[in-house]
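Undergrad: sharing a sequence plus its predicted fold:
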Amino acid sequence: LLWLLCWTRSCWTPRNSAVVLPSSLALKLETHAALLLPLFYSTVLKNLFIMGKKKSSEPAVVDAAEIDSNKNEESEEDEDVEEMELLQVDVGDTVKVKQVLDEAVAAAILEHIEEDYRLDNIKLGIMTTACIFAVIAQFGPVPFPESRPMLGVCCCAYFLLSGLLQLIVTFIDQDCILITKSKENTKNKQLATKGIRVSSTLPRFSEWYTITLEFQGLEKGQVSPKVEQKWSIGQFFDVEGMFDELGLMSETDKIYAKFESAKYTKDESKKQK
């Protein structure tokens with residue numbers, strides 16, 4: 001500041017003026033100005049930096065709050081969409097309609113009892129073994145003329161395993177969609193020792209979907225009591241193909257409760273007597 005004052009005074013003083021500063025005083029003023037000028041610049045820069053930091057930090061806090069609120073609103077909207085989202089199916093596609101119905105029925109049953117994976121594991125083992133033979137036949141290290149016996153063995157094994165798997169699906173699985181384990185802590189004595197076999201049918205060009213619950217693993221010649229229920233698919237699908245999954249699961253829970261309480265179908269209960 002002193003240096004600026006001295007420079008301003010020297011600029012505005014006429015050259016022929018009698019007012020002249022002593023050389024010692026001018027030297028002192030220049031020395032003090034040289035010492036104070038860096039301190040002045042550092043103080044100004046520091047204040048400018050602090051002011052800029054405050055201005056830049058305040059909008060950041062506001063933006064963060066706005067982002068959090070937007071995220072919360074978007075998550076709430078997504079949850080509402082997920083809760084209101086329904087599965088839409090082409091009701092003219094019988095295979096797809098039956099698949100959707102079977103999955104909902106199986107999910108409802110598994111809320112009460114555990115699934116038995118033994119038969120599924122057997123089928124997976126057969127398929128895996130057949131695939132291993134196919135891989136050996138395709139990528140075997142033996143060249144072609146000498147690999148004919150190996151190719152014959154692999155092809156025969158693949159054919160036999162595939163045929164065995166098809167027999168299991170045709171004669172054992174049939175229309176079964178779920179096999180469960182036995183259930184503990186139940187009043188039904190048979191259910192405490194035997195699992196449940198859940199099967200379903202939906203004939204082609206038909207609107208009637210039928211599920212049947214019966215015991216799995218009974219001895220030969222022994223007829224299993226069962227609970228059977230038939231619905232029209234129009235009860236769970238609207239004209240646009242929107243699927244009422246919760247409605248079907250609720251109805252399936254009622255059927256399972258009847259089976260567990262031994263309230264079997266009357267005709268089958270008479271045969272059992």
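TA: Happy to help now that I have it. Numbers count the residues shown, from 1 in each chain.

Undergrad: buried residues in the helix or strand harbouring Lys123, which are they?
TA: Counting by DSSP states H and E, the element that carries Lys123 is helix 118-139. Within helix 118-139, the residues scored as buried using 16 or more other CB atoms under 10 Å are Ile126, Ala130, Phe133, Ala134, Ile136, Ala137. Where C-beta positions appear, they are placed from N, C-alpha and C, glycine not excepted.

Undergrad: neighbours of the closest residue to the fifth one other than its chain neighbours, how many?
TA: Residue nearest to Ile136 in three dimensions, not counting chain neighbours: Cys154, with 5.4 Å by CB to CB, 6 or more residues apart in numbering. A count of neighbours around Cys154, defined by other CB atoms under 10 Å, yields 20.

Undergrad: what's the answer for Val198, then?
TA: Look at Val198: counted by other CB under 10 Å, it has 27 neighbours.

Undergrad: could you list the low-pLDDT ranges of the stretch 51-200 of the chain?
TA: 51-85 (pLDDT under 70).

Undergrad: now do the strands in it.
TA: For the stretch 51-200 of the chain, strands defined by DSSP state E, counting those that start in this stretch occupy the ranges 87-88, 176-179, 195-201.

Undergrad: packing partners of the shortest one?
TA: Secondary-structure packing of strand 87-88 (3 or more CB pairs under 8 Å, 6 or more residues apart in numbering; DSSP states H and E): strand 242-243.

Undergrad: give me the contacts around the strand it packs on.
TA: Leu86, Leu87, Gln88, Val89, Val100, Ala104, Phe236, Phe237 (CB atoms under 8 Å, 6 or more residues apart in numbering).

Undergrad: out of the strands of the stretch 51-200 of the chain, nearest to Glu111?
TA: In terms of CB to CB, the element of the strands of the stretch 51-200 of the chain nearest to Glu111 is strand 176-179, at 12.1 Å.

Undergrad: tell me what the closest one is packed against?
TA: Applying 3+ CB pairs under 8 Å, 6+ apart, we find strand 176-179 packed against helix 94-110, strand 195-201.

Undergrad: columns distance to Asp253 on top of the strands of the stretch 51-200 of the chain, output as TSV?
TA: What follows is the strands of the stretch 51-200 of the chain, written out as TSV (distance: least, CB to CB, whole Å):
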stretch	distance to Asp253
strand 87-88	19
strand 176-179	14
strand 195-201	13
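
Undergrad: just say which of the ones you listed is most tucked in.
TA: Among the strands of the stretch 51-200 of the chain, ranked by average contacts under mean count of other CB atoms under 10 Å, first place goes to strand 195-201 (a mean of 21).

Undergrad: what's the first helix or strand after that strand?
TA: strand 208-216.

Undergrad: closest to Phe215 among the contacts of strand 242-243?
TA: Distances from Phe215 to those, taken as CB to CB, are shortest for Ala104 (22.5 Å).

Undergrad: list the contacts of stretch 199-210.
TA: Defining contact as CB under 8 Å, 6+ apart, one finds that stretch 199-210 is touched by 94, 97-98, 101-102, 105, 174-177, 211-212, 214, 228-234.
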